[in-house]
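Trainee: Sequence first, predicted coordinates after that:
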Amino acid sequence: MRDIQNQADHRQIAIDKVGVCDLQYPIVVLDRENQSQSTIARLSMSVSLPHEFKGTHMSRFIEVLNAHRGEVTMRTLPRILAELKERLAAESAHIEAAFPYFLEKIAPVSGAVGLMDYQCRFVGEANGTKSDFILSVSVPVTSLCPCSKAISDYGAHNQRGEITIQVRSRATDAGGPALIWIEELIAVAEASASAPVYALLKREDERHVTMQAYDNPVFVEDIVRNVAATLQADERLTWFHVRALNQESIHNHGAFAEIEWARPSAV
C-alpha cells in the first residue's frame with residue numbers, strides 16, 4: 001500500500017511537534033509502599049518532523065506504548081522516548097502523562113483510613129543526545145490566614161489550597177534521573193501548609209485538624225518558601241518550580257505565589 005506520510009513535502013517547513021494527544025491509557029507507575037500502582041493516564045506523545053516529510057505515522061506511537069505494557073516511570077521513559085525517535089526517524093520526542101495517584105491516608109486521631117487522590121504528571125523529552133524528565137505533583141492542603149488570626153477576637157478564616165511541585169533530579173550513573181518518590185513531594189507540600197487534607201475524618205479528627213491549622217497560620221508566600229527551603233536542601237534535585245494557590249474563603253478571588261529555582265552547579 002502507498003505510504004502517503006513518507007511522501008515529500010515541498011514547503012520546506014519543519015514541524016516542532018506532531019503526534020497524538022488526549023489518549024486515555026492504563027499505566028503502571030512506581031509506588032513506594034507497594035512497588036507499583038495501576039492507574040489511568042491521559043497521554044500526549046509527539047515527535048519532531050523534518051521539513052522533507054509530509055507526515056508522521058500515528059499508529060507507531062501506540063505500538064511503542066504497547067511494547068512497554070503501560071509502564072510509564074522514570075526508568076522506562078528514556079527507553080520509550082528513544083524508541084519513538086528511532087521508529088519515527090525523528091530528532092526529538094516528547095511525552096506527557098497526567099494521572100491520579102492514590103494513597104491510603106490515616107486520620108490523625110481515630111486512625112480511620114481513606115483513599116486520597118493526587119494529580120500527577122510526568123513530562124519527558126529526548127532531543128538529540130540530551131534527555132529531560134519532570135515530575136509534577138499537585139497536593140490539596142488547608143491554610144489559615146495569619147492576618148485574620150491576628151486581628152480577630154476569635155477564630156480565623158481558612159481555605160482549601162493546592163500546592164503544585166515540579167522537579168528535575170540529577171542523572172544517575174545508569175544515565176536516568178535520580179528517583180524522587182511521589183510520596184516524598186506530597187509530604188513536603190503537606191508539611192509546608194497549615195494542615196493536610198484527608199479523605200475521611202471523624203469528629204475527633206476534625207477537632208485535631210482544625211486546631212492544627214489554627215496553630216500554624218501561613219500565607220501563600222510562607223507556603224512556597226517552606227517548600228523551596230526543603231527542596232533546596234535535597235541534593236538530588238537540580239531544578240524545581242513550586243506554586244501555591246489558595247481558594248480564598250472571604251474574598252472573591254484566589255491568591256497565589258510561585259518560586260522557580262535551579263541549583264547553580266546545574267545551570
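Mentor: Received the coordinates, thanks. Numbers count the residues shown, from 1 in each chain.
Trainee: shaky segments in the stretch 1-150 of the chain?
Mentor: Within the stretch 1-150 of the chain, the stretches with pLDDT under 70 are 1-10, 55.
Trainee: same thing but 80
Mentor: Counting by pLDDT under 80, the stretch 1-150 of the chain contains low-confidence ranges at 1-12, 50-57, 69-71, 73-75, 128-129.
Trainee: Need phi/psi at the closest residue to I134 other than its chain neighbours.
Mentor: Spatially, and ignoring its direct neighbours in sequence, I134 is nearest to V123 (4.3 Å; CB to CB, 6 or more residues apart in numbering). Backbone N, C-alpha and C define where each C-beta goes, glycine included. Torsion angles at V123 (phi, psi; degrees, to the nearest 10) stand at phi -130, psi 120.
Trainee: what bridges to V123?
Mentor: E96, I134 (DSSP bridges).
Trainee: Relative to R160, how far out is it?
Mentor: 26 Å (CB to CB, to the nearest Å).
Trainee: Those two: which is more packed in?
Mentor: Comparing V123 with R160 by other CB atoms under 10 Å, the one with more neighbours is V123, at 18 against 14.
Trainee: Please name the residues that touch that one.
Mentor: V123 makes contacts with H94, I95, E96, D132, F133, I134, S136, as judged by CB atoms under 8 Å, 6 or more residues apart in numbering.
Trainee: ok so, going back, quick one: the residue nearest to I134 and L77, what's the gap?
Mentor: Using CB to CB, one obtains 9 Å as the distance from V123 to L77.
Trainee: Quickly list what's touching both of those two.
Mentor: Common contacts of V123 and L77, defined by CB under 8 Å, 6+ apart, comprise I95, F133.
Trainee: tally of neighbours for the closest residue to P196 other than its chain neighbours?
Mentor: With sequence-adjacent residues excluded and distances taken as CB to CB, 6+ apart, P196 is closest to E190, at 4.2 Å. If you count neighbours by other CB under 10 Å, E190 ends up with 17.
Trainee: is it true that Q232 touches W261?
Mentor: Yes. Counting by CB atoms under 8 Å, Q232 touches W261, with 6.5 Å between them.
Trainee: Tell me which stretches of the stretch 101-250 of the chain form helices.
Mentor: 146-151, 182-192, 203-214, 220-232 (DSSP state H, counting those that start in this stretch).
Trainee: what packs against the longest strand along the chain?
Mentor: Longest strand of the chain, by residue count under DSSP state E: strand 15-31. Applying 3 or more CB pairs under 8 Å, 6 or more residues apart in numbering; DSSP states H and E, one finds that strand 15-31 contacts strand 35-49, helix 59-67, strand 92-106.
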